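Novice: Sharing a model prediction with you, sequence too.
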Amino acid sequence: DAKTTQPPSMDCAEGRAANLPCNHSTISGNEYVYWYRQIHSQGPQYIIHGLKNNETNEMASLIITEDRKSSTLILPHATLRDTAVYYCIVRGNRDDKIIFGKGTRLHILP
Amino acid sequence: DAGITQSPRHKVTETGTPVTLRCHQTENHRYMYWYRQDPGHGLRLIHYSYGVKDTDKGEVSDGYSVSRSKTEDFLLTLESATSSQTSVYFCAISETSGRRYEQFFGPGTRLTVL
């Protein structure tokens, strides 16, 4: 079973920041938080991951709370091409596998 | 983009026929994975490989077998296809296991079993 909880869908206006929340209250101290997204009919795409510090790359920022029980993925200036399903994933003890949950369907509104 | 191809990209077959899907990588990554994606279920792991001739089961492995005779190729076989195996199949690769390394996904194969 997925170890994360995400809202099923969200809307965001084009050009605004999209903030996608994720709860992972049972995360272990040595587990990372990963974010992927899947644009319609394509394979999932890696976005970012982190352990406990905030992370930023060219695609997004990841904010992890101090207790690590939740995180937020931030797309700073959302465009229509960011419309996708976003998956928040915690890597389990069996590190070989990724368990995907249902994700959040993000709609970017023009 | 990571060098991952899947073939065929689309296939329609009949119940009871054998089907083999191929995943090919040019990245020389050690780990390879097969997932299926169905409405309401998200992505589910079928089998994965952690090296040549080394494979293990995922969460939905029944009815599927895999083989990996070369680093670059990972084959998924449905010995006798059923309608419940109609799905989109994704292959993924990763350089190593461990929490710090991401998986890269292929474009997918859409399989329809009539």
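Specialist: Arrived safely, thanks for sending.
Novice: Relative to B:Leu75, how far out is the nearest residue to B:Arg44 once chain neighbours are set aside?
Specialist: Computed as CB to CB, 6 or more residues apart in numbering or on different chains, the closest residue to B:Arg44 that is not its neighbour in sequence is B:Val60, at 4.8 Å. For glycine as for every other residue, the C-beta is placed from the backbone atoms N, C-alpha and C. The gap separating B:Val60 from B:Leu75 is 17 Å, by CB to CB, to the nearest Å.
Novice: B:Ser87 bridge partners, please.
Specialist: B:Leu111 (DSSP bridges).
Novice: that older thread, where does the residue nearest to B:Arg44 fall, helix, sheet strand or coil?
Specialist: Three-state assignment for B:Val60 (DSSP: H, G, I helix; E, B strand; the rest coil): coil.
Novice: Check the burial of it by counting its neighbours.
Specialist: Look at B:Val60: counted by other CB atoms under 10 Å in any protein chain shown, it has 18 neighbours.
Novice: My guess is it contacts B:Leu43. True?
Specialist: No - with contact defined as CB atoms under 8 Å, B:Val60 does not reach B:Leu43; the gap is 10.4 Å.
Novice: Name the surrounding residues that touch the strand or helix carrying B:Arg22.
Specialist: For B:Arg22, the element it lies in under DSSP states H and E is strand B:19-25. With CB atoms under 8 Å, 6 or more residues apart in numbering or on different chains as the test, strand B:19-25 has contacts from B:2-8, B:11, B:13, B:32, B:34, B:71-78, B:81, B:89, B:91, B:93, B:106, B:109, B:111, B:113.
Novice: partners of that strand in the sheet?
Specialist: strand B:4-7 (antiparallel), strand B:73-78 (antiparallel).
Novice: by contact count, what packs against the helix or strand just after it?
Specialist: Toward the C-terminus, strand B:19-25 is succeeded by strand B:31-38 as the next helix or strand (DSSP H and E). The contact analysis (3 or more CB pairs under 8 Å, 6 or more residues apart in numbering or on different chains; DSSP states H and E) places strand B:31-38 against strand B:19-25, strand B:42-51, strand B:73-78, strand B:87-94.
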